[in-house]
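[1] Next come a sequence and a model predicted from it.
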Amino acid sequence: MEFDRVIVGALRTNCYILKSGNSGIIVDPGDEADRIIEKAKGLGIELILLTHGHPDHTGALREVKEETGAQVAVHPLDGKEHCEIELKDGQVIEFRKERIKVIHTPGHTPGSYCFLAGDVLFSGA
């Protein structure tokens with residue numbers, strides 16, 4: 001799996017675009033929706049993952065979701081208003097030929113998650 005990092009917003013939040021073939025997953029669309037959408041151009045975005053619900057990780061969520069049509073996955077403790085897919089600790093997300101493990105890591109927020117894709121760990125703290 002390949003991924004691109006887009007640093008967004010005044011707090012310089014890491015947003016990631018995971019890619020497998022023509023498909024993608026966006027992690028933490030925090031701000032600057034236009035930059036995120038441009039970076040994901042040409043990909044069919046299948047899912048938007050949120051590591052947690054703080055505004056610097058969700059600020060561009062509405063625009064990115066509208067543009068891509070992707071569903072949003074987050075822990076309900078951190079984003080009931082955003083949650084369309086409720087993730088669970090230990091769950092494995094199948095993404096094309098890739099597997100992404102969901103790891104519940106409460107602390108930064110009650111519903112914080114990390115996502116392990118191969119040997120890369122995506123965290124939002």
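    In hand now; what should we look at? As the structure is a computational prediction, the values presented were derived from the model and not from experiment.
[2] In the protein, mark out all the strands, start to finish.
    2-8, 13-20, 23-27, 44-49, 71-74, 85-86, 92-95, 98-104, 113-117, 120-122 (DSSP state E).
[3] Looking at Thr58 now. What's its pLDDT?
    On the pLDDT scale, Thr58 is placed at 95.
[4] before we move on, back to that, burial-wise, tell me which of the strands of the chain comes out on top.
    Most buried of the strands of the chain by mean neighbour count (mean count of other CB atoms under 10 Å) is strand 23-27; its value is a mean of 25. Backbone N, C-alpha and C define where each C-beta goes, glycine included.
[5] and it, which strands flank it?
    Here strand 23-27 has these sheet partners by DSSP bridges: strand 13-20 (antiparallel), strand 44-49 (parallel).
[6] Format those strands as CSV; extra columns: distance to Met1 and mean pLDDT.
    Output for the strands paired with strand 23-27, formatted as CSV (distance: least, CB to CB, whole Å; pLDDT from 0 to 100):
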stretch, distance to Met1, mean pLDDT
strand 13-20, 5, 97
strand 44-49, 13, 97
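[7] Would you convert the ones you listed into JSON lines that also reports distance to Glu67?
    Shown next, in JSON lines, are those (distance: least, CB to CB, whole Å):
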{"stretch": "strand 13-20", "distance to Glu67": "13"}
{"stretch": "strand 44-49", "distance to Glu67": "8"}
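[8] What average pLDDT does stretch 86-101 get?
    Mean predicted lDDT for stretch 86-101 stands at 95.
[9] could you dump that stretch to PDB, C-alpha only?
    Output in PDB follows, covering the C-alpha atoms of stretch 86-101 (Å, rounded to 0.1, in the frame of the first residue of the first chain):
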ATOM      1  CA  GLU A  86     -18.700   2.000  14.000                       C
ATOM      2  CA  LEU A  87     -15.300   0.600  14.400                       C
ATOM      3  CA  LYS A  88     -14.300  -1.900  17.000                       C
ATOM      4  CA  ASP A  89     -10.900  -2.700  18.600                       C
ATOM      5  CA  GLY A  90      -9.200  -5.500  16.800                       C
ATOM      6  CA  GLN A  91     -11.400  -5.200  13.700                       C
ATOM      7  CA  VAL A  92      -9.700  -5.600  10.300                       C
ATOM      8  CA  ILE A  93     -10.700  -3.400   7.400                       C
ATOM      9  CA  GLU A  94     -10.200  -5.100   4.100                       C
ATOM     10  CA  PHE A  95      -9.000  -2.600   1.500                       C
ATOM     11  CA  ARG A  96      -8.400  -4.200  -1.800                       C
ATOM     12  CA  LYS A  97      -5.500  -6.600  -1.200                       C
ATOM     13  CA  GLU A  98      -4.600  -4.700   2.000                       C
ATOM     14  CA  ARG A  99      -5.600  -5.200   5.600                       C
ATOM     15  CA  ILE A 100      -5.800  -2.400   8.100                       C
ATOM     16  CA  LYS A 101      -6.100  -3.300  11.800                       C
END
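[10] Cool, thanks, signing off.
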